[in-house]
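Engineer: After the sequence you'll find the predicted model.
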Amino acid sequence: MFPINMTPQQAAEELLRFNQKLISGMDVLSATGPISAGVSSREAVYTDDKVTLYRYQPRVEKRHRVPVLVVYALVNRPYMADLQEDRSLIRGLLDEGMDVYLIDWGYPDGSDRYLTLDDYINGYIYRCVQHICEAHDLYRINLLGICQGGTFSICFSALHPEKVRNLVTTVTPVDFQTPDNLLSRWAQTLNVDLLVDTLGNIPGDLLNFTFLSMNPYRLTGQKYLDMVEIMDSPEKLKNFLRMEKWIFDSPDQAGEAFRQFIKDFYQCNGLIKGEVVIGGQRVDLKNITMPVFNVYATLDHLVPPAASKVLKDLVGSTDYSEFAFKGGHIGIYVSGRAQQEVPPAVANWLKARG
Amino acid sequence: MANDAFSVDWMQGWTDLQRKIWNDWSSMAGEHLQTNRPFPAMPGMEGMAQWPMQWLKQASDASAMGNAAASWMPWLQPQASSSPMDEWMRMFGIYSPEAPPEKTVMSGMMSAASGFMRMGKEIFDVLQRVGESQREGGDWTKQLDSAIQQAKSLFLGQDGAQAALHPMAAWSQPMQLWMNMFKDNPLLSSTLLQTMAGAAKPGTWSQESGMEWLQKVLATPGLGLTREKQERMQAAMQDALNYQKAMQEFQTLSNQVNLKALDLLHKRLLERGATSKPIESLKELYVVWVDCCEETNAEFVRSSEFQEANSRMVNGMIRVQQFQQSMADETMAALGMPTRREMNTSHRQVQDLKRRVRSLEDQLKRLQTQDHGAELRSIRDDLERLDVRNLRHELENMKGVLEDARPGVTTAPDKGTAPSKARTTSRDKMAVTPDSAAKKGE
């Protein structure tokens, strides 16, 4: 039988319905207003160049004694961890009694092109940790790294183990050359010296283009067609647009840090080989002797599970735990199910370790 | 069939109306994005429900809606550009450096929606032909084959498969585009460009001979005062040619992926035809089509062929951009303006200075917060170990002994005690005291 069970009339009617939805949806779209993201109350407690350290307003009376510092990636903006009220890792942690801090890297410009990984890890992160330690009269705090921020947190913990009480990594690449890592495959032939020497900072749009290229038809076509289906619901439309804002709100990458990250991590896979050198010091994962909680997503196409799970065999810690979330790289923070699973898992693990 | 109810004139009227609607819609969308004004009611939309067939006819109008191939590949929409990077990113129709973020959503939606409608029109035509064919006892698979071939032809261009897949297709970019990159450069003689333009005229120039001639020109050593600049310019022109070739190669490969995706769609549809699970809606068909594209693309982007083509294209683009920057620097320097190179030097120096300042601040902080009490205790301990008091006594004793032993010097003895003995007793006592104290402490 013919594989399309439709009459021309039915096809026409479907297109008509689609068109009508589109038309009525345009009114909703135009009335949507500005899209905001980042919902939890917070206060800037420390600034350092373009970097801002935020402390979130506690949501429960009895708080955990040791604060947790969230270290986000340089790619995209950290409000993904606090996107909206019902989709917020930050809010989930606050509700669990955590005292949450977050590093916002800001938007690097031309004057930041010579920032290195040393500046980010031994500079900004170190000073933020130091600030929190002094504010709480502590020697060590908890670190929670997200994606590339997780890799930075690992490096920091290896270089300054005395400052980290517990380390939590989420969707964090450690082995950068697993066979299923498409980004890595592309990075291998990238002439990053030519790129950075010419462009200076790497445009955020260039990275976006790379991410979209992984699923171009779905991400540049089908997604928007699906959007038409929800345009009659202002709330759903706002949620869609909020995510859309986050996806395309992409800061440029400081050139030298990008060069080093691509070369040492992607092209040389230096982290697992113990060959990464930051600020003149070798990053030895065996120095990570504090408890480690490694959270990964089973359907992650950017950081495949194998790229994260290898951490277990590399750290010096005897207290290593994993948490597998059944979802993708972004879903682990913004899906409805993630809110029920991820923050409680992280908080309970931290509480059990003081 | 439903289309029997429509007359040709009526369809034509609706075609015009829908074209107007889309044009108004697009311009309003653009206007809205610039002014943030709300959308007014759509003109002519009230009557829309009555004439779906004309609307479909309009949707098929490629001139109003854009490239026909875009209905099958909505993300491939090349546009004019100002820089190699912009051009490269626009090639994929997902980036526009000038566009505000809101426009990304709007343009993405409009592009996807119009693509879906055009696909709907294609399918509508297929359904009509199948219906007619079945009424006449024909074979529907032939209609499907025909539809897939028709879709393929959209990617192959007017000259068919040879145009897109021919090895020399990479050289078929218009010479004008290439020459535009260099036309304003004073180092290139107008004669050279005119010669090239003349050579590029149809009938006077073939791709192969033209390229051969151009390669010879670019390989000719420069002479005279501007020799170095000529050489740089020749290298830049070669880079530009390489980039254009790489980009065209990449597009050719992408087209092959699209053709493969259509083959996969054909296969999937035949499979669905053999089962009792036919496709029930256009949206479902669209999703099947996207799945086929993604599946084919996933295989492509993991291939070494893609990686090599992608690297050539990206590296080519960056080299051209590098040259443009050096030209811009020369111009800025000539105008007495700061150049990019100077700015980079300043940024680097500022960054180095910031590091040094922070390092000094850290050292200062360490010194300020150091535990001086502990340091003093440590020094005192050292001094005690040295037993300074004992040393002083020892020194006095030795002085006394020396004085006693000096010939011709008489010293009044201490009252009631032999001097030498008293000194010895005192020294021994002092020497023992710390040890005794230490033992006491135990």
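Structural biologist: Cool, the structure landed. Residues are numbered from 1 along each chain as shown, chains lettered A, B, ... in the order given.
Engineer: alpha carbons only for contacts and neighbour counts from here, please
Structural biologist: Noted.
Engineer: Next to chain A in this structure, residues from the stretch 101-250 of chain B, please.
Structural biologist: Applying CA under 8 Å from any CA of the partner chain, we find that the stretch 101-250 of chain B lies next to chain A at B:101, B:105, B:108-109, B:111-113, B:116-117, B:120, B:123-125, B:127-128, B:140-141.
Engineer: can I assume residue A:78 is in contact with residue A:104?
Structural biologist: Yes - with contact defined as CA atoms under 8 Å, residue A:78 reaches residue A:104; the gap is 6.4 Å.
Engineer: and the residues of the stretch 101-250 of chain B next to chain A, which of them are in helices?
Structural biologist: The helices, defined by DSSP state H, take in B:101, B:105, B:108-109, B:111-113, B:116-117, B:120, B:123-125, B:127-128, B:140-141 from those.
Engineer: Pick out the residue in the stretch 251-400 of chain B sitting closest to chain A.
Structural biologist: Chain A sits closest to residue B:273 of the stretch 251-400 of chain B, with a gap of 4.1 Å, by CA to the nearest CA.
Engineer: so which helix or strand takes in that residue?
Structural biologist: In this structure, residue B:273 sits in helix B:227-274 according to DSSP states H and E.
Engineer: Quick check: mean pLDDT of the helix or strand just after that helix?
Structural biologist: For helix B:227-274, the following helix or strand on the C-terminal side (DSSP H and E) is helix B:282-301. Taken as a whole, helix B:282-301 carries a mean pLDDT of 92.
Engineer: Quick check: residue B:364 is in a strand.
Structural biologist: No - counting by DSSP: H, G, I helix; E, B strand; the rest coil, residue B:364 falls outside a strand, being helix.
Engineer: any idea how far residue A:128 is from it?
Structural biologist: Counting by CA to CA, to the nearest Å, the gap from residue B:364 to residue A:128 is 19 Å.
Engineer: okay, the two: which has more neighbours?
Structural biologist: residue A:128 (23 against 12; other CA atoms under 10 Å in any protein chain shown).
Engineer: Identify the residues contacting the closest residue to that one other than its chain neighbours.
Structural biologist: Distances taken as CA to CA, 6 or more residues apart in numbering or on different chains place residue A:53 nearest to residue A:128, at 6.7 Å, with adjacent residues excluded. Shown in contact with residue A:53 (CA atoms under 8 Å, 6 or more residues apart in numbering or on different chains): A:44, A:45, A:46, A:47, A:101, A:102, A:103, A:104, A:128.
Engineer: what two of these are the furthest from one another?
Structural biologist: Comparing every pair within the contacts of residue A:53 by CA to CA identifies A:47 and A:101 as the most remote, at 12.8 Å.
Engineer: Kindly give a single PyMOL line that selects the buried subset of the contacts of residue A:53.
Structural biologist: In PyMOL, this line selects whichever of the contacts of residue A:53 come out buried by 16 or more other CA atoms under 10 Å in any protein chain shown:
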select buried, chain A and resi 47+101+102+103+104+128
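Engineer: Helices - which of the contacts of residue A:53 land there?
Structural biologist: residue A:128.
Engineer: want to throw the contacts of residue A:53 into TSV with pLDDT?
Structural biologist: Formatted as TSV, the contacts of residue A:53 follow (pLDDT from 0 to 100):
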residue	pLDDT
A:44	98
A:45	98
A:46	98
A:47	97
A:101	98
A:102	98
A:103	98
A:104	98
A:128	98
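Engineer: nearest to residue B:326, of the contacts of residue A:53?
Structural biologist: Closest to residue B:326, out of all of those and judged by CA to CA, is residue A:104, at 34.5 Å.
Engineer: Return the set of residues that bridge with the closest one.
Structural biologist: With DSSP bridges as the criterion, residue A:104 is bridged to residue A:52.
Engineer: which residues does it contact?
Structural biologist: A:51, A:52, A:53, A:54, A:72, A:77, A:78.
Engineer: again, 7 Å this time
Structural biologist: Neighbouring residues of residue A:104 by CA atoms under 7 Å, 6 or more residues apart in numbering or on different chains: A:51, A:52, A:53, A:78.
Engineer: who wins for neighbours among those residues?
Structural biologist: residue A:53 (27 neighbours).
Engineer: excluding its backbone neighbours, what's nearest the residue of the stretch 1-150 of chain A found nearest chain B?
Structural biologist: The nearest approach of the stretch 1-150 of chain A to chain B comes at residue A:3, 4.1 Å away (CA to the nearest CA). Closest residue to residue A:3 apart from its sequence neighbours, by CA to CA, 6+ apart: residue B:273 at 4.1 Å.
Engineer: give me the number of residues near residue 261?
Structural biologist: Defaulting to chain A. 20.
Engineer: The chain in question should be chain B.
Structural biologist: Residue B:261: 23 surrounding residues under other CA under 10 Å.
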